[in-house]
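> Fold the following for me, if possible:
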Amino acid sequence: MSETPFGRVLTAMVTPMTPDGAIDRDGVASLVEHLLTTGHDGIVVNGTTGESATLTSDESIDMVALVAKQTSGRAKVVAGVGSNNTAHSVEMATRAREAGADGLLLVSPYYNKPTQPGLIAHCRAVADTTDLPVLLYDIPGRTGIPFATQTLIELAAHPNIVAVKDAKGDLWAASEVMAATDLLWYSGADEVNLAHLAQGAVGIVSVVGHVAGNRYRSMLDAVDAGDLQAAREVHTRLIPAVNAIMTTSQGAIMAKAALTRLGIIEHATVRLPLVEGPPEHLEVLEAGLTQAGLL
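The predicted model follows:
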C-alpha cells in the first residue's frame with residue numbers, strides 16, 4: 001500500500017479566490033505548499049470542495065496546470081473531470097492530462113439520474129479516452145445516483161479504472177467491493193476515515209485535511225502499523241474540527257474560513273450560490289479548531 005497512482009493522504013483542495021471571485025493564483029501557490037508540508041502526497045483539484053460546479057472549463061484546466069506546476073512532481077495531482085454530460089467529461093479528461101494531471105476523479109453524473117447501465121457506459125467512455133488512472137467518486141447525497149455494488153465490480157474490469165473515493169457511507173458495500181475486486185479504496189468523508197482505513201482502504205481524500213494533514217498521515221501510519229489505539233486517538237482528537245468544518249454549513253465555505261484563520265490563504269471568498277460563513281459559524285469553527293489542537 002506504500003505506492004498508489006494517487007498518493008494516500010489527499011485533500012480535495014479548495015479553489016482560492018480574490019474578493020472579486022477570480023482565481024487567486026498566489027493563494028493557490030501558498031495552499032499547495034502548505035499541503036505538501038503537512039503530510040500530503042496527493043492533491044485533488046476541481047472536486048466538490050474546489051467549487052468545480054461554478055468554475056468554467058478553462059478555469060478548471062488552469063487550476064490543474066497551476067497545481068501541477070507548483071507540486072513539480074512532489075505529489076500526485078488528481079483532476080476532477082466529472083460532469084452530467086459524458087462528452088464534456090471526455091473533453092475535460094483529455095485537457096486535464098495535457099495540463100499535467102497524474103490521475104482523474106470521475107463523479108457519477110448528477111441531476112440526470114442515469115440507470116446503472118448508463119453509469120457504466122459513462123465511466124467507460126471517459127476511461128477509454130485516457131491512459132491516466134481513474135478514481136471513481138461515489139457521493140449519491142450530491143449526485144442523486146449511487147454506484148451499485150455490481151456496477152463497481154463491472155467497472156473494475158476496465159484497466160484504467162483503478163480506485164473509488166467513497167462518500168456514500170455504506171461500509172458493508174465497501175467491504176463487498178474490496179473483497180471482489182482489486183479497486184483501491186479511499187475514504188471520501190472525514191467522519192469515517194478511520195472506519196474505512198481499518199477495513200482496508202489505502203487512503204483518504206479529505207476536506208479537514210486542509211488543516212489536519214499531518215494528523216491524518218499519523219492516523220494512516222498507525223493503521224499500517226496495526227496500532228489501532230493510536231489511530232483512534234487521532235480520530236477522537238479531530239472530532240471537534242470535523243464537526244466544525246463538515247457539519248456547520250458546507251465544506252468549501254468552512255475550509256476556506258479555516259485556511260484564512262490560519263493565514264494560509266488571504267480570502268475566504270466563495271462563488272454564488274455559496275456565501276461566506278456568518279459570525280456565528282466562524283465562532284463554531286474557532287472553537288472546533290481550538291478543541292482539536294489545531295490553533
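
> use CA for all of it now, contacts and neighbours both
Noted.

> tell me the pLDDT at Ser2?
On pLDDT, Ser2 comes in at 53.

> With the one 10 residues further on instead?
Reading off the per-residue confidence, Ala12 sits at a pLDDT of 98.

> Count the neighbours of Leu31 for me.
Per other Cα atoms under 10 Å, the neighbour tally for Leu31 reads 23.

> ah, wrong one, I meant Thr49
23.

> what does Ala163 give?
If we define neighbours as other Cα under 10 Å, then Ala163 has 26 of them.

> Across the sheet, point out what pairs with it.
When assigned by DSSP bridges, Ala163 has beta-bridge partners Leu135, Leu184.

> From what I see, it and Thr181 are in contact.
No: between Ala163 and Thr181 there is no contact under Cα atoms under 8 Å: 10.0 Å.

> mind listing the helices in the stretch 1-150 of the chain by residue range?
Along the stretch 1-150 of the chain, counting by DSSP state H, counting those that start in this stretch, helices occupy 25-36, 57-71, 86-99, 116-128, 140-143, 149-155.

> which one of those helices lies closest to Leu294?
Proximity to Leu294 (Cα to Cα) singles out helix 25-36 among the helices of the stretch 1-150 of the chain, at 14.2 Å.

> What is the closest one packed up against?
For helix 25-36, the elements it packs on are helix 57-71, judged by 3 or more Cα pairs under 8 Å, 6 or more residues apart in numbering; DSSP states H and E.

> Output the helix it packs on in CSV with nothing but the alpha carbons.
C-alpha atoms of helix 57-71 as CSV (Å, rounded to 0.1, in the frame of the first residue of the first chain):
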residue,chain,number,x,y,z
SER,A,57,-13.8,24.6,-18.2
ASP,A,58,-10.9,26.9,-18.8
GLU,A,59,-10.6,27.8,-15.1
SER,A,60,-10.7,24.1,-14.2
ILE,A,61,-7.8,23.4,-16.6
ASP,A,62,-5.9,26.4,-15.4
MET,A,63,-6.2,25.1,-11.8
VAL,A,64,-4.8,21.7,-12.9
ALA,A,65,-1.9,23.4,-14.6
LEU,A,66,-1.2,25.7,-11.6
VAL,A,67,-1.2,22.9,-9.1
ALA,A,68,0.9,20.6,-11.4
LYS,A,69,3.5,23.3,-11.8
GLN,A,70,3.6,24.1,-8.1
THR,A,71,3.9,20.5,-7.0
